[in-house]
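Chemist: next input, structure requested:
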Amino acid sequence: MIHYEFPLNEKTRKFLRLEEIFIRAETQLANRMKASGCELFETLFNLMASASRSDLKVELIQELERQRGKAEKLIRTKKNIALQVALKKHRVMLEKSSIKPGFYFGTDKFLQEIKARSDSPFGILSTDFPEMQLWLQTQTQQSRRLFFKAKFAPFLPIKNAVTFLNSILRESAKMKIHKSNHARYEIKLDSSQKNDLVLVELSENLGVIPALSSNKYAININFNSMNKSNKVNKSMNFKIGVSGF
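Modeler: Purely as a prediction, here's the structure:
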């Protein structure tokens, strides 16, 4: 099955984007191949630009507390109690965290120079950067990992909170099987409910891509061919779920 996620507002889109950047960082750090490290510098700067904003920290704390308030109104079960404990833990970790806003490098001239070069059309290249060539040739793979782990460490409370909130959002979606009408389908929404995320699951054998448009009253899905010149006109089964914080 192929899984698609469609955020319905900017807040959800922001949380999903952040999660993807953190996943990219973990994947790059776990890569056992001899990598240049340039990709990790780019990822680090992406995090510094997006995850160091003070308003993001406040927004995450508010959402964690809102979710805890909702959980407190539910019947007390082991699962619900564990959820409340986890939500409180993530909030406390965020409150204790200290992340310098923006591109803060302190006295690290090496990082400052790399950031300046990352803004060029060619990105970070060692060709005309002797300091980078020296760093690449003198640092072992393990020392590079330790270097970047230390740089990513301040962002861990943001990562853990975003990942946890996104998991709550995904788990609240009730996936149901539907059948499209000539590659189209419309789902009516309850406008009194908060809808933040649409999940779609398709068989990979169908060879189509869902395109979604929505408003507060309905979600419309068109299934398009990978080859945009080929029009899809067949009915198909798929799963869809809508969730909200």
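Chemist: when you work out contacts or count neighbours from here on, use the C-alpha atoms and nothing else.
Modeler: Fine.
Chemist: and the gap between the residue of the chain positioned farthest from its centre and residue 107?
Modeler: What lies farthest from the middle of the chain is residue 130; by CA atoms, centre = their mean that is 34.4 Å. Applying CA to CA, to the nearest Å, the value for residue 130 to residue 107 is 19 Å.
Chemist: residue 127 versus residue 43, what's the distance?
Modeler: Residue 43 is 20 Å from residue 127, by CA to CA.
Chemist: give me the more crowded residue out of the two.
Modeler: Neighbours were counted for residue 43 and for residue 127 using other CA atoms under 10 Å; residue 43 has more, 18 against 8.
Chemist: helices of the protein, start to end?
Modeler: Using DSSP state H, the helices of the chain run over residues 10-30, 38-50, 54-72, 78-96, 109-118, 130-138, 141-152, 156-171.
Chemist: and the third one, what does it pack onto?
Modeler: Counting by 3 or more CA pairs under 8 Å, 6 or more residues apart in numbering; DSSP states H and E, the packing neighbours recorded for helix 54-72 are helix 78-96, helix 156-171.
Chemist: residue 139: neighbouring residues, count only.
Modeler: 12.
Chemist: actually residue 207, not the one I wrote
Modeler: 14.
Chemist: can I get the helices of the chain in TSV including distance to residue 222?
Modeler: Listed next are the helices of the chain as TSV, based on distance: least, CA to CA, whole Å:
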stretch	distance to residue 222
helix 10-30	21
helix 38-50	32
helix 54-72	32
helix 78-96	37
helix 109-118	38
helix 130-138	48
helix 141-152	39
helix 156-171	22
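Chemist: may I see those organised as a markdown table, with mean pLDDT added?
Modeler: Output for the helices of the chain, formatted as a markdown table (pLDDT from 0 to 100):
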| stretch | mean pLDDT |
| --- | --- |
| helix 10-30 | 93 |
| helix 38-50 | 90 |
| helix 54-72 | 94 |
| helix 78-96 | 94 |
| helix 109-118 | 88 |
| helix 130-138 | 87 |
| helix 141-152 | 89 |
| helix 156-171 | 96 |
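Chemist: cheers, nothing more for now.
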